[in-house]
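>>> return atomic coordinates for the entry below.
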Amino acid sequence: SILEAFVHAGAMNECKVNVVNIHSEHLTETNAAEKLGHLDGLLVAPGFGHRGIEGKIIAVKYAREKGLPFFGICLGMQMAVIEFARNVLGIKDAHSTEMNPDTPHPVIDLMEAQKKITTKGGTMRLGAYPCRIEPGSLAQQIYNSTDITERHRHRWEFNNNYINDFTKAGLVPSGKNPANGLVEIVELPQHPFFIGVQYHPELKSTVENPQPIFAHFIKAAKAFAEKKTSIKNPLLQSEMI
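The predicted structure is shown next:
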C-alpha cells in the first residue's frame, strides 16, 4: 500500500518516485550520512518488534537535523517521538514499552485500559477513527480540514504524560482523537517538512485520490532535490524525471 501510495503521489507531482530501501538494522551514527545523504526524503515505515529500532531512531535524527523531508507512519511516528525525547528533551533512556517494558521514561506506552488485556488482538486499535487537527498546522494545510478520519492498526500510543514537555520543546501534537485525546499526529513547525502519524494513511490512497500526506511529502522531497541541484549547478534548472 505504501509503494502504491508513492506512485499516486508521484503522478500528482508529475515526477517518478524512486524508492530506496534501507535496512535500519545496519544503520549507525557512523554510516548515517553515507546511507542517507543521497535521499530527497525519508519515510520510516510501520512495523512491530525490536529489529532495527535504534537504526530507525538514528535515521529520524538525521532527517530532523539535516532538514530532510520526513514522514513517519505508526512505528515511524513513535520512533520520531523517542528520538526527540532522547536528543532534544535530553531523556536519554526514553523508549517504548513495546521494546523495553522497564524503561523509566515510556514516552510510547499502552493505555491504562489496555494493560490488563493479555490477548494482543484485544489491545489493538483497528479500523477508522476520527482525528481533530489544530488550525494553522502543517497537518491542517495538508488535509485542508480540521476533522478527518483515518484507519488504524496498532497497540502502543503516544504517552500524554509527556505532552507538555514535547510541546514546549517544539514537537507539536497537531492531531488528536477528539473522544479520548490520543495523539494521532506530531510535527515540527520549524522544519521544512516533518510529520509523523499514528494511523495508516496509505490504506486510503487511490489513483484518483492520492493520499494528501504522501502527495505533500513528495512535493517537499521534489523541492529538496531541486534545491540540491541548484546549489551544485547554480546556472542550470533542475528537473525530476
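
>>> just the buried positions in the top helix by length along the chain, please.
In the chain, assigned by DSSP state H, the helix with the most residues is helix 212-232. Judged by neighbour count (16 or more other CB atoms under 10 Å), helix 212-232 contains these buried residues: 212-225. Where C-beta positions appear, they are placed from N, C-alpha and C, glycine not excepted.

>>> wait, which of those is closest to residue 175?
Distance ranking of these against residue 175, using CB to CB, places residue 213 first at 10.9 Å.

>>> correct me, but the closest one touches residue 138?
No: judged on CB atoms under 8 Å, residue 213 makes no contact with residue 138 at a distance of 9.5 Å.

>>> which residues are common contacts for those two?
Common neighbours of residue 213 and residue 138, counting by CB atoms under 8 Å, 6 or more residues apart in numbering, are residue 195.

>>> pLDDT weak spots in this protein?
For the chain, the stretches flagged by pLDDT under 70 are 111-126, 231-241.

>>> one more time with 90
Residues of the chain meeting the criterion pLDDT under 90: 46-52, 110-129, 151-155, 203-205, 207-208, 227-241.

>>> can you pull out the strands in it?
With DSSP state E as the criterion, the chain has strands at 42-44, 70-73, 94-96, 105-109, 125-133, 147-154, 157-158, 172-176, 183-187, 194-197.

>>> other residues contacting the shortest one?
Right, strand 157-158. Under CB under 8 Å, 6+ apart, the answer for strand 157-158 is 78, 81, 107, 108, 109, 110, 111, 173, 182, 183, 186, 198.

>>> by neighbour count, which of those residues wins?
The most crowded member of the contacts of strand 157-158, judged by other CB atoms under 10 Å, is residue 198 (31 neighbours).

>>> wait, what's in contact with the residue nearest in space to the middle of the chain?
Closest to where the C-alpha atoms of the chain average out (CA atoms, centre = their mean) is residue 72, at 1.7 Å. For residue 72, the contacting residues are 43, 44, 60, 78, 79, 80, 195, 196, 197, by CB under 8 Å, 6+ apart.

>>> now the third one. Nearest residue, chain neighbours left out?
This points to residue 60. Leaving aside its sequence neighbours, residue 60 sits nearest to residue 83 (CB to CB, 6 or more residues apart in numbering; 4.2 Å).
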